[in-house]
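Undergrad: predicted structure and sequence below. I'll ask about it afterward.
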Amino acid sequence: MKTAIFGAGVAGLSAAIELVERGHTVELYEKRKVLGGKVSVWKDNDGDSIESGLHIVFGGYAQLQNYLKRVGAADNYSWKAHSLIYAEPDGKQSFFKKANLPSPWAEVVGGLQTDFLTMWDKISLLKGLYPALAGNEAYFRSQDHMTYSEWHRKRGASEHSLQKLWRAIALAMNFIEPNVISARPMITIFKYFGTDYEATKFAFFKKNPGDSMIEPMRQYIQSKGGRIFVDAKLNRFELNSDETVKHAVLQDGQIIEADAFISALPVHTVKKIIPRPWLAHKYFRNLHEFQGSPVANCQLWFDRKITDTDNLMFSQGTIFATFADVSITCPDDFQKGNGTANGGSVMSLVLAPAHQLMDMPNEVITELVMNDIHDRFPASRQAKLLKSTIVKIPQSVYKAVPDVDKFRPDQISPVKNFFLAGDYTDQHYLASMEGAALSGKLVAEKLHAKFGS
Ligand SMILES: Cc1cc2nc3c(=O)[nH]c(=O)nc-3n(C[C@H](O)[C@H](O)[C@H](O)COP(=O)(O)OP(=O)(O)OC[C@H]3O[C@@H](n4cnc5c(N)ncnc54)[C@H](O)[C@@H]3O)c2cc1C
């Protein structure tokens, strides 16, 4: 059984791992020179690692961690202290620290001790968010018709906690505001956050996601006989008379024959390559319901440390939503002696919401970022900025807006030899590395069940 997979992000790589292990002949085609998709990392001319985006592994990412173990990368990430850290003006920090108790007491006691919420915030949150903590999947799905802001206000939770606490979470999860994101993913996260201590721990890759995860995945797939081609852009599918795929055609005209074809492309690309006859199926037409979230990642190299925080940070009222000093959190890469790093901070910052940044010159964006950095990290005012980079992704993960969840497609399509994988396909996580990993597992299991090896 020969399977051709298009797209070497986490979804395509995960599907390849599963299929080579089941004895399939696997060929993986990636349009870029670098693997990993939204998790990709490459070196610039100075030898510095440039990330598509700062990436965190959550304790609840069981499937992703399973793959990291299988490919020999279980020691390539490290857990950080279990708290949400908010960078405040003038270098202050506020914390939501989980207490050392079983859930939900860890969260209740931690929440009550939090200094950046008022007593009214805390009481209204406890009362207002209860249905989320007690809810199940059916309840979460039933709330998908409204935005998170609507849900929050309807539950009587305070406006201050919405802006202070949950706005940062919405921006971190999906790069969109709470009055845009659906209530469903947010309250699903509350459930995890409020009831499962382990699920909400987070870890950083010791080097970067490329070296610590994508490279071991590549090596593993190739060691099992899988073949990976880069600079290999899928152009189109040509069909048999029964509308199954006859073969795929790459941009350079090369024809790819296989028994089964998996698209592990981002949803905005899949929409462009779906052959016209397939649009007779609602399954394929539904893909047009998805829009990508714009996001940008900024990296700043300083000549000295501007923070000593070894963890993810959030902030409100800044151009960046989540960020970290990767010279501290990812010590095996962004440290003294590597490229531009000279012992100073290397800030990696996710800029969101980012729609207004997509056409802005990078120098202007860097200036805006630096203003906020000076405000949140006063030590940076004495530091010299050695270098900055910006990566813009106009269409990253799909926008989890109200009523879009129901359009997430199953991995099995109505076309007998064509399958979908990707973080946007139907699995129980939002678009994320775990969602992509789950989609890769599901597509391989379903394909294998249908065809065998
Ligand atoms: C800034 C940022 C920060 C993030 N932070 C986190 C985080 O902390 N934790 C987390 O879990 N998730 C995070 N995510 C989300 C996570 O990166 C994605 O959900 C996940 O990586 C998506 O994987 P995927 O394989 O579904 O898609 P992709 O990564 O988009 O992979 C698709 C692949 O298809 C390739 N491709 C496209 N067109 C073609 C073509 N025509 N032919 C061949 N190949 C093609 C692409 O180059 C790409 O390699 C973040 C995302 C961004 C952008």
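TA: Received the coordinates, thanks. Fair warning: this is a prediction, and the values are worked out from it, not measured in the lab.
Undergrad: C-alpha only now, for contacts and for neighbours.
TA: Noted.
Undergrad: ok so residue 127 is a helix residue?
TA: Yes - secondary structure of residue 127, determined by DSSP: H, G, I helix; E, B strand; the rest coil: located in a helix.
Undergrad: that one: what's it in contact with?
TA: residue 157 (CA atoms under 8 Å, 6 or more residues apart in numbering).
Undergrad: so which bits of the stretch 351-453 of the chain are right by the ligand?
TA: Proximity of the stretch 351-453 of the chain to the ligand is confined to 396, 397, 422, 423, 431, 432, 433, 434, 436 under the rule CA under 6 Å from any ligand atom.
Undergrad: okay, and which of those residues map to helices?
TA: In helices, judged by DSSP state H, the following of these are found: 433, 434, 436.
Undergrad: I'd like these laid out as JSON lines, including neighbour count and pLDDT.
TA: Shown next, in JSON lines, are these (neighbours: other CA atoms under 10 Å; pLDDT from 0 to 100):
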{"residue": "433", "neighbour count": "24", "pLDDT": "98"}
{"residue": "434", "neighbour count": "24", "pLDDT": "97"}
{"residue": "436", "neighbour count": "29", "pLDDT": "98"}
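Undergrad: just send those back as TSV, with distance to residue 261 too.
TA: Output for these, formatted as TSV (distance: CA to CA, whole Å):
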residue	distance to residue 261
433	22
434	22
436	17
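Undergrad: quick check: domain ranges of the chain?
TA: Domain assignment of the chain by the TED database yields the ranges 2-44+60-74+207-290+404-451, 98-199, 292-399.
Undergrad: distance to residue 50 added to those domains, as JSON lines?
TA: Shown next, in JSON lines, are the domains of the chain (distance: least, CA to CA, whole Å):
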{"stretch": "domain 2-44+60-74+207-290+404-451", "distance to residue 50": "5"}
{"stretch": "domain 98-199", "distance to residue 50": "19"}
{"stretch": "domain 292-399", "distance to residue 50": "8"}
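Undergrad: worst average pLDDT in these?
TA: Note on those: lowest mean pLDDT is at domain 98-199, with a mean of 86.
Undergrad: from the middle of its chain, how far away would that domain be?
TA: Chain-centre distance of domain 98-199: 20 Å, with CA atoms, centre = their mean, to the nearest Å.
Undergrad: ditto for stretch 240-247
TA: With CA atoms, centre = their mean, you get 34 Å for stretch 240-247.
Undergrad: okay, it in CSV with CA atoms only?
TA: Output of stretch 240-247 as CSV, limited to C-alpha atoms (Å, rounded to 0.1, in the frame of the first residue of the first chain):
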residue,chain,number,x,y,z
ASN,A,240,-10.4,9.0,-12.7
SER,A,241,-13.9,8.8,-14.2
ASP,A,242,-15.3,7.8,-10.8
GLU,A,243,-13.8,11.0,-9.4
THR,A,244,-11.2,9.2,-7.3
VAL,A,245,-7.6,10.6,-7.5
LYS,A,246,-5.7,9.2,-10.5
HIS,A,247,-2.5,10.9,-9.5
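Undergrad: A strand includes residue 392, no?
TA: Yes - secondary structure of residue 392 (three-state DSSP): part of a strand.
Undergrad: find the nearest non-adjacent residue to it, please.
TA: residue 296 (4.3 Å; CA to CA, 6 or more residues apart in numbering).
Undergrad: contacts for whichever strand or helix holds that neighbour next, please.
TA: Per DSSP states H and E: residue 296 is located in strand 295-302. Counting contacts by CA under 8 Å, 6+ apart, the residues outside strand 295-302 that touch it are 50-54, 175, 340-341, 344-355, 357, 366, 383-396.
Undergrad: rewinding a little: which one of the ones in helices among the residues of the stretch 351-453 of the chain next to the ligand is nearest residue 135?
TA: Using CA to CA, residue 434 comes nearest to residue 135 of those, at 21.7 Å.
Undergrad: close enough to count as contact, that closest one and residue 64?
TA: Yes - Residue 434 lies in contact with residue 64 (CA atoms under 8 Å); the separation is 5.5 Å.
Undergrad: right, and residue 425 touches residue 439 too?
TA: Yes - taking contacts as CA under 8 Å, residue 425 lies within contact range of residue 439: 6.6 Å.
Undergrad: more crowded one of the two?
TA: Set residue 425 next to residue 439 and count neighbours by other CA atoms under 10 Å: residue 439 wins out with 31 against 27.
Undergrad: ok, now which ones touch that one?
TA: The neighbours of residue 439, taking CA under 8 Å, 6+ apart as the test, are 11, 15, 411, 421, 422, 423, 425, 426, 427.
Undergrad: scan those and report the most crowded one.
TA: Neighbour counts for those peak at residue 421, which has 35 neighbours (criterion: other CA under 10 Å).
Undergrad: re the thing from before, what residues are shared contacts of residue 425 and residue 439?
TA: Common neighbours of residue 425 and residue 439 (CA under 8 Å, 6+ apart) are residue 411.
Undergrad: helices of the stretch 51-200 of the chain, start to end?
TA: 62-70, 105-113, 119-128, 130-134, 137-142, 148-154, 159-161, 167-174, 183-195 (DSSP state H, counting those that start in this stretch).
Undergrad: would you reformat these as a markdown table and include distance to the ligand?
TA: What follows is those, written out as a markdown table (distance: least, CA to the nearest ligand atom, whole Å):
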| stretch | distance to the ligand |
| --- | --- |
| helix 62-70 | 9 |
| helix 105-113 | 22 |
| helix 119-128 | 25 |
| helix 130-134 | 22 |
| helix 137-142 | 20 |
| helix 148-154 | 20 |
| helix 159-161 | 23 |
| helix 167-174 | 7 |
| helix 183-195 | 13 |
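Undergrad: deepest-packed of these, please.
TA: The highest mean neighbour count among those, using mean count of other CA atoms under 10 Å, belongs to helix 167-174: a mean of 24.
Undergrad: which strands or helices does that helix pack on?
TA: On a contact count with 3 or more CA pairs under 8 Å, 6 or more residues apart in numbering; DSSP states H and E, helix 167-174 meets strand 320-325.
Undergrad: nice, that's everything, thank you.
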